[in-house]
Structures are given as structure tokens and as C-alpha cells.
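Engineer: got a predicted structure plus its sequence, pasted below:
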Number of protein chains: 2
Amino acid sequence: MTKQFHDNVLTPAALDQLFNEARTYNGWQVKEVSEEQIRHIYDLLKMAPTSANMQPGRFVWVRSQEAKDKLASMASDGNKDKIKAAPVTVIIGYDVDFHEELPWLFPHTDAKSWFEGDEEGRKEGAFRNSALQGAYLMLAARAIGLDCGPMSGVDLDAITKEFFADEPKVKADWVCSIGYGDPSTIFDRSPRPDFEKFNRLA
Amino acid sequence: MTKQFHDNVLTPAALDQLFNEARTYNGWQVKEVSEEQIRHIYDLLKMAPTSANMQPGRFVWVRSQEAKDKLASMASDGNKDKIKAAPVTVIIGYDVDFHEELPWLFPHTDAKSWFEGDEEGRKEGAFRNSALQGAYLMLAARAIGLDCGPMSGVDLDAITKEFFADEPKVKADWVCSIGYGDPSTIFDRSPRPDFEKFNRLA
């Protein structure tokens, strides 16, 4: 029997933890994130929806000093120290050839054939759906009591070459540090738009 | 003082509601989603991070019979009835000229200048970050006790022309029904990958 949660609004504290009070951190406490926590984040994010269950996201969890230094060398000046200080920074990539996995990921029908010969369409689907997965990842990390620091200011081509060298159809898309945020490193909250600004009822 | 939630794992029931037991629905109970609920979803999703607070997502919440019929006519055969039956289907679009809003959305620095003259870069940033916002939207809907039914099988060019006619730099990206799911309309859960399949520790 499917569990439903109709009209059950999460507690104000849970909504604060996920959305309202969570912040993007630029510095980190010296406190490890365990492999168990990393696996918990993935086990949550993989349950959330992607188109045809394509699950195109590929994740490299950078934790060793050597890998952190390498990744930091491919980041903009403002991001190098953040990556070195964070207990883990995850590289969110996507596999343009995700369709090869569809026979077992989406067994109801021959979804692989929808994508064969259409590399441009696959790239678009992989890019969109791995971004969804990256968002799930951040909210899953927050849901287990960790903070996030997403970053676009990195050299994606260099990261792709270095960290996905064995997977020629995988491309790095962005990176996100995860850990226990240092509250002295957050900026003032940027303004948020009113509903009317970017929404319309039709 | 910044609120922190370190090591506070949400309750199993909350994780079930957000991730583990939530499902994609293909049919809907006859029960309205209120404007208050729609505003609550947006007020949550807008708090989650986008690069340089660019907030590129543009959302049209389709609720009237006329707008539902119009949107359904632009969907694949399998999706037409879902859109007609859902109390609301939101069109997730993105504004390629989001940078025009950065002077007030990201007042700390002149972020607008980073994007001027680089339409290709803006398109990529808007596409990636509006997908993040669409994922936040789905988890926010679940967080207030609603179900989601995301769909890619729609004619995006037609939807863009019809629903963003007055905003020439906004493009529709996908759509998502929201409501009270009919449990008889879900498919068997598609398989989920083990951690080892798409993750690496480095």
C-alpha cells in the first residue's frame, strides 16, 4: 500500500532546516563527514524523480587531501580555500550516455530506444535531470543535519578531464561542499522575490 | 544569529514524505490545491540556493479549465488526461535575461556585468539553476503534503509561445502536476542504483 501524507505539513523546524533558515556556507568547521553520511545522502536523493528514471547524475565525493588539492587548483581564487577546508566537496557530473542503463533502470518499456542516435537530446535530458539530482542532494544533506556550499566558479573542462578520465561521456557540471558550516562565513541573506515577481496563475 | 541544525536528522516520517515513500502520480483525486498552498510552495523554494541568487525560474501555475485544456493540447497523448485531471500543473520556465534582475537580487556586487554579452553562458546558467528550482519546488510541494507528477513529454516550443508570449527571453523547460495523488495511478517503483554504481569516493 502506498503511503500518502496528504495535507501533512512538515514541522516549522523541519521547514527551517530544509529551506527557511538553511544558508550557503563559505567556510567549514573542522569536523569530518562520514562515509555513512555520504551514503545516506545518496540513498535519499536517488529516490526522488528523474525523467524515465534516467538517473544521469554521476557523483565524485572528494575527501582526501590529494583530491581536494587537485580540485582546488581547478577552482576560481575565491573558491580554492573553501574546497581545501571543506570535509567533502562533491562533483556533480552527468552521463550523456545514460540511456545505456535504461534497460534496468526503466524496465517497463524500451526507453533506451527513445534516446538512441539523439546525442543532443540526451545531453539536454542529462543536464536537466542531473541538476534536479544535485538539488535533491543539497536538500538531502540538509535533511540529515549538514550544510551545503554550492559553487559554479570552477574549471569544468579541467575537472571533467581529471575526475572523469575513465568515463569519456561524463561531464562535470558543478561542485558542492558539504559539512558543518562555520556561521562566521555566511553572507547577508540576498533578497528573495515576492510571488508576483516571477509567478503567474493561469 | 544563524540557526544551525547540525546532526539533526529529520524524522523517518519526514524523510519518507520527502524522499523514500513519495511517488510520481499519473492521476489525481478531485480536490483543489489552494492559492495559499501554491504561494507556500514558492515561498519555500525561493529560499533554496541558486548561483549568485539568480533565481532564473519563471512559473506559470495552470489552474483554470481553459488554460488546462490549452496546455493539454501541447502535451503528448499520454500526458493530456493527466494535465486535465490535475488541480494544478506548473510550467517551469527560465529567463535567459535573468541578469537584468541581479542588481537587486545580488546587491553585494556587480554580478550583472558577469553575464552581459554572454547569452550562451546565461542560457546555461538559467537552464541549470531553474532545474534546481524545479527540484526545490517538487520537494517543497511534498513538504506541505502534496504529490507531484513531473512530465517532460510536452511541446516546449508551443508552450513557450503560448504561455510566455509577453516575455520573449523566457523559455518553458518542463511541467509538473501537483495535487492529491490517486494511488491507483502509480507505476511499480523503478529500480534504484546502489551507491557504487554512480558514485566514487576520491
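Structural biologist: Perfect, I can see it now.
Engineer: got the buried residues for stretch A:91-111?
Structural biologist: For stretch A:91-111, burial by neighbour count (16 or more other C-beta atoms under 10 Å in any protein chain shown) applies to A:91-96, A:98-99, A:101-102, A:105-106, A:111. Quick note: C-beta positions are derived from backbone N, CA and C, even for glycine.
Engineer: average pLDDT for it?
Structural biologist: Here stretch A:91-111 scores 97 as its mean pLDDT.
Engineer: my guess is residue A:154 meets residue A:78, correct?
Structural biologist: No: under the criterion of C-beta atoms under 8 Å, residue A:154 is not in contact with residue A:78, lying 10.7 Å apart.
Engineer: between the two, who's got more neighbours?
Structural biologist: residue A:154 (22 against 10; other C-beta atoms under 10 Å in any protein chain shown).
Engineer: grab the nearest non-local neighbour of the more buried one.
Structural biologist: Spatial nearest neighbour of residue A:154, excluding adjacent residues (C-beta to C-beta, 6 or more residues apart in numbering or on different chains): residue A:75 at 4.7 Å.
Engineer: any idea how far the longest strand that chain A contains is from the chain center?
Structural biologist: When chain A is parsed with DSSP state E, its longest strand is strand A:170-179. Relative to its chain's centre, strand A:170-179 lies at 6 Å (C-alpha atoms, centre = their mean, to the nearest Å).
Engineer: picking up where we left off before, tell me which of the buried residues of stretch A:91-111 fall in helices.
Structural biologist: A:102, A:105 (DSSP state H).
Engineer: go through the buried residues of stretch A:91-111 and say which is closest to residue B:168.
Structural biologist: residue A:94 (29.0 Å; C-beta to C-beta).
Engineer: any idea how far residue B:9 is from the closest residue to that closest one other than its chain neighbours?
Structural biologist: Excluding the flanking residues, the one nearest residue A:94 by C-beta to C-beta, 6+ apart is residue A:130, at 3.6 Å. Residue A:130 sits 25 Å away from residue B:9, going by C-beta to C-beta, to the nearest Å.
Engineer: between these two, which is the more surrounded one?
Structural biologist: Set side by side, residue A:130 and residue B:9 show more neighbours around residue A:130, with 29 against 15, by other C-beta under 10 Å.
Engineer: that one in helix, strand or coil?
Structural biologist: Three-state assignment for residue A:130 (DSSP: H, G, I helix; E, B strand; the rest coil): helix.
Engineer: now do the contacts for it.
Structural biologist: A:56, A:57, A:58, A:92, A:93, A:94, A:173 (C-beta atoms under 8 Å, 6 or more residues apart in numbering or on different chains).
Engineer: now, these that are in strands?
Structural biologist: A:57, A:58, A:92, A:93, A:94, A:173.
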